[in-house]
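S.K.: next one to model:
(one chain, ligands or ions: 1)
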Amino acid sequence: MTSESWLDSVKSCLREVDESGRLFPNGKRIEVVFTIEAANLLLLRTEGPGDINEATLPETGLSVPIIQPQKLMAVVRRRTLQILRAHRDAGADLSKYIEQAADLGFVKAKTHLEKGWNCTIQPPLADKGGGEKLTDIGMDGYCPACAIFGAALTQAQFSVASGNMSIGIKTRVHFDPAFATARMIQPETHNKVTEGHISTTGGALFSEIHVMPGTIFIGRVVLNDVTEPELLATLYSLATIEEIGGRSGVYGTIRVRLLGVRCGNHSVSTALELADEIAGQGITKPSEIINHLKKKLQELGFTPLSNEDIIGRVDPSDPDGAIKDLWESSISYIKQLYKLITEELRGGGKQQQRRGKGSKSG
Ligand SMILES: [Zn+2]
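M.R.: Take a look at the predicted model:
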């Protein structure tokens, strides 16, 4: 088998870049199973110190640490943005895409024409009011990351949205929670470091629960209605994330391994079932877990997939290549969005004229 075979195996689930109707799901899905190995202590907290995300595996009854899907999603999206910036900084000519976005009414594209493209996720600090979250403020609403992972478009991003109207681009990437196959955790007591010659105890001590290095999490992601460049970029981002969780400057180093891919009208696995099965077999060695999973995935009809299969096809430092194709793909998607919304508004017939920030009555 050539290295082409995994991509061939999912061809019938991929959408064409210029295909019409890309905004409407065709019900097909690409299912990818991967592992996340803790290469350092991980801090997977939700509410603060002394807390950890855990779930009970239903068959074995074992309580294990989990990585929440929203956390995975945020880390992968951030990685996609880094890759897009690396491509921009490698000298890619994005002016064609930015101009098209500006023509469609994407507000930030007008600034990008002068200052260059950027799209950011802000930390969730507070609500700005009017339904717009501060997290959305840095988002442009038209780049590949926004087209793949979603965005909320208010008038601040998209001039087609009027008044209180917000247009949502939904994510086409859906993660399962990633389940550890064993419960290897350790509370750590930290002594807060103070500056100077005075050290304090008591209140300065705090305890946090860590997941131990060597812990293997089973992850699964489903991609709906993606094009080939979108699939490659998303899997490249997933395969090259290197940290997750709290205090990632000190903790949180991880390694992701892609294991298998499958195209179908329905899913045949869940991260929960796979983790539960491995926990039930009592397999704890990382290499044995991976071998067992590979066998299991082949039984389920997956095609083997490795990080190298993806990394060999995507090079962010190439100004052309796969990331340029990704821009083509997202602009085509955004154009379809624009067309659908403007036709819908026209078809509605209630707003005879909508120029600028016009009437509220619409
Ligand atoms: Zn964006």
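S.K.: could you use CA atoms for every contact and neighbour count after this?
M.R.: Will do.
S.K.: around the ion, pick out the residues from the protein.
M.R.: For the chain, the residues in contact with the ion (Cα under 5 Å from the ion) are 119, 139-141, 143, 146.
S.K.: now the helix or strand hosting residue 87, how far from the chain's geometric center?
M.R.: Counting by DSSP states H and E, the element that carries residue 87 is helix 69-89. Chain-centre distance of helix 69-89: 7 Å, with Cα atoms, centre = their mean, to the nearest Å.
S.K.: for stretch 91-103, same thing?
M.R.: With Cα atoms, centre = their mean as the basis, stretch 91-103 stands 23 Å off its chain's centre.
S.K.: one step back: and the helix holding residue 87, what does it pack onto?
M.R.: helix 144-149, strand 173-175, helix 228-239 (3 or more Cα pairs under 8 Å, 6 or more residues apart in numbering; DSSP states H and E).
S.K.: mean neighbour count and distance to residue 181 added to these, as CSV?
M.R.: As requested, the helices and strands packed on helix 69-89 are exported to CSV (neighbours: other Cα atoms under 10 Å; distance: least, Cα to Cα, whole Å):
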stretch, mean neighbour count, distance to residue 181
helix 144-149, 24, 28
strand 173-175, 18, 17
helix 228-239, 24, 20
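S.K.: possible to save these as CSV with mean pLDDT?
M.R.: Listed next are the helices and strands packed on helix 69-89 as CSV, based on pLDDT from 0 to 100:
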stretch, mean pLDDT
helix 144-149, 97
strand 173-175, 98
helix 228-239, 98
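S.K.: let's have those in a markdown table, adding distance to residue 247.
M.R.: Output for these, formatted as a markdown table (distance: least, Cα to Cα, whole Å):
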| stretch | distance to residue 247 |
| --- | --- |
| helix 144-149 | 24 |
| strand 173-175 | 23 |
| helix 228-239 | 20 |
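S.K.: of all the ones you listed, which one is nearest residue 101?
M.R.: Nearest of the helices and strands packed on helix 69-89 to residue 101, taken as Cα to Cα: helix 144-149 at 11.9 Å.
S.K.: beyond that closest one, next helix or strand please.
M.R.: Downstream of helix 144-149 (by DSSP H and E), the next one is strand 151-153.
S.K.: what pairs with that following strand, and is each one parallel or antiparallel?
M.R.: Sheet pairing of strand 151-153 (DSSP bridges) gives strand 167-169 (antiparallel).
S.K.: quick check, the residue in the stretch 251-362 of the chain closest to the ion?
M.R.: Nearest residue of the stretch 251-362 of the chain to the ion: residue 330, at 9.9 Å (Cα to the ion).
S.K.: can you confirm that residue is in a helix?
M.R.: Yes - the assignment for residue 330 by DSSP: H, G, I helix; E, B strand; the rest coil puts it in a helix.
S.K.: surely it touches residue 141?
M.R.: No - if you go by Cα atoms under 8 Å, residue 330 and residue 141 don't touch, sitting 10.4 Å apart.
S.K.: between these two, which is the more surrounded one?
M.R.: residue 141 (27 against 23; other Cα atoms under 10 Å).
S.K.: quick check: pLDDT value at the residue nearest to the more buried one when sequence neighbours are not counted.
M.R.: Nearest residue to residue 141 in three dimensions, chain neighbours excluded: residue 151, at 5.8 Å (Cα to Cα, 6 or more residues apart in numbering). Residue 151 carries a pLDDT value of 92.
S.K.: try residue 251
M.R.: You'll see residue 251 listed with a pLDDT of 80.
S.K.: contact partners for it?
M.R.: For residue 251, the contact set (Cα atoms under 8 Å, 6 or more residues apart in numbering) comprises 40-43, 243, 245.
S.K.: so the residue nearest to residue 141 sits against residue 143, correct?
M.R.: No - with contact defined as Cα under 8 Å, residue 151 does not count as touching residue 143 (10.0 Å).
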